[in-house]
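Trainee: Build the 3D model from these lines:
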Amino acid sequence: MKYLSNIFILFLALNLSSCEEVIDLDLEKSEPRLVIDASLIWFMNTSGDYQQIKLSQTTGFYEEEAEPVTDARVIIKTDTGEEFIFEYENQGFYVNSEFNPKFEENYTLEISYQDEIYSSSSSFVPVAGIDHIEQNNEGGFTAEDLEVEAFFTDPAGEDNYYLFRFSNFSTSRVSLEIYEDEFTDGNQVSASYSNNELAVGDEIFITMEGISKSFYNYLFILRSQGGDNGGGPFQSQPATVKGNIINETNPENYPFGYFRLSEVDSTTYIVQ
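Mentor: Numbers count the residues shown, from 1 in each chain. The predicted structure is shown next:
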């Protein structure tokens, strides 16, 4: 029996050591697709005239950096005839510093890239705004962690959807939370942020964005696929999740990403 035990231990050790070997799989490569991060953000009590759109291409599994797109033509038009041309700046970012945000306006994004036209239409979604911030020293799942809560009052009698972003400047950690008001219509509710790294003195930048139902559903699917892995909503996903942007020239060569316009409230909180 002792002999058999020694053989088992040796076998286990060999297997554990073999697990450390790095194996590169020969994965099938697909043609790059356009990735469009077209989130136009209008902070409350600002002009909202500076806006940016980021374009890149999908990359292989083992490539860490996305390939920026530098030669596209990016324009946003309104139903009333206004046109806003976004000029290439750097690292795939196209910017416009004379944008004119209006709630009652419908905006159409048009991107020309490699002889194909991509387009989408949307309008600004208002936000209720943050009422105040509270800190709970017995929060989190364990009731032992620090927790920061952003309280807001949901407008009654209408469907509302929100995206909260908690950015911890001290740890460079970002947490995204999405909410709907199906069961909280017209009430004061809160969005919370807590993790075991949160500490006294941490500076937390909080944004609250009004989003559409379709964008809420899009983020819900991405979150369900990706989990809490710290990745962005426009990185590669386990399965194809299409946004609201179409390729008018070649529908089969659809892009990834989303075009949306959100009013945003923001505040900064120092953990006590």
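Trainee: The longest strand along the chain pairs with which strands, parallel or anti?
Mentor: Using DSSP state E to define each element, the chain has its longest strand at strand 256-270. Strand pairing for strand 256-270, determined by DSSP bridges: strand 34-43 (parallel), strand 124-125 (parallel), strand 203-211 (antiparallel).
Trainee: Restrict it to CA atoms and write it as PDB.
Mentor: Written as PDB, here are the backbone C-alpha positions of strand 256-270 (Å, rounded to 0.1, in the frame of the first residue of the first chain):
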ATOM      1  CA  PHE A 256     -18.900  45.500 -33.100                       C
ATOM      2  CA  GLY A 257     -19.800  48.300 -30.700                       C
ATOM      3  CA  TYR A 258     -22.600  50.800 -30.100                       C
ATOM      4  CA  PHE A 259     -23.700  54.300 -30.900                       C
ATOM      5  CA  ARG A 260     -25.500  56.000 -27.900                       C
ATOM      6  CA  LEU A 261     -25.900  59.400 -26.400                       C
ATOM      7  CA  SER A 262     -26.200  59.900 -22.700                       C
ATOM      8  CA  GLU A 263     -26.700  62.800 -20.200                       C
ATOM      9  CA  VAL A 264     -24.300  62.200 -17.300                       C
ATOM     10  CA  ASP A 265     -24.100  63.400 -13.700                       C
ATOM     11  CA  SER A 266     -20.800  63.000 -11.800                       C
ATOM     12  CA  THR A 267     -19.200  63.600  -8.400                       C
ATOM     13  CA  THR A 268     -16.100  62.600  -6.400                       C
ATOM     14  CA  TYR A 269     -16.100  61.000  -3.000                       C
ATOM     15  CA  ILE A 270     -13.200  60.400  -0.600                       C
END
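Trainee: Now that strand: buried residues?
Mentor: F256, G257, Y258, F259, R260, L261, S262, E263, V264, D265, S266, Y269 (16 or more other C-beta atoms under 10 Å). Every C-beta, even on glycine, is put in place using the N, C-alpha and C of the backbone.
Trainee: want to try CSV for these, with pLDDT and distance to S119 as columns?
Mentor: Listed next are the buried residues of strand 256-270 as CSV, based on pLDDT from 0 to 100; distance: C-beta to C-beta, whole Å:
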residue, pLDDT, distance to S119
F256, 95, 15
G257, 96, 13
Y258, 97, 13
F259, 98, 9
R260, 98, 14
L261, 98, 15
S262, 98, 19
E263, 98, 23
V264, 98, 24
D265, 98, 30
S266, 98, 30
Y269, 97, 39
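Trainee: Looking at these, spot the one nearest P101.
Mentor: L261 (7.3 Å; C-beta to C-beta).
Trainee: Can you pull the domain assignment for this protein?
Mentor: As given by automatic domain parsing, the domain ranges for the chain are 34-125+235-268, 130-213.
Trainee: Point out where the stretch 1-150 of the chain drops to low pLDDT.
Mentor: 1-29, 60-64 (pLDDT under 70).
Trainee: That one: helices as residue ranges?
Mentor: Counting by DSSP state H, counting those that start in this stretch, one finds helices in the stretch 1-150 of the chain at the ranges 2-18.
Trainee: any chance you could map the strands in it?
Mentor: In the stretch 1-150 of the chain, the strands defined using DSSP state E, counting those that start in this stretch lie at 34-43, 51-57, 67-68, 73-78, 83-90, 93-96, 107-113, 116-122, 124-125, 130-139, 145-153.
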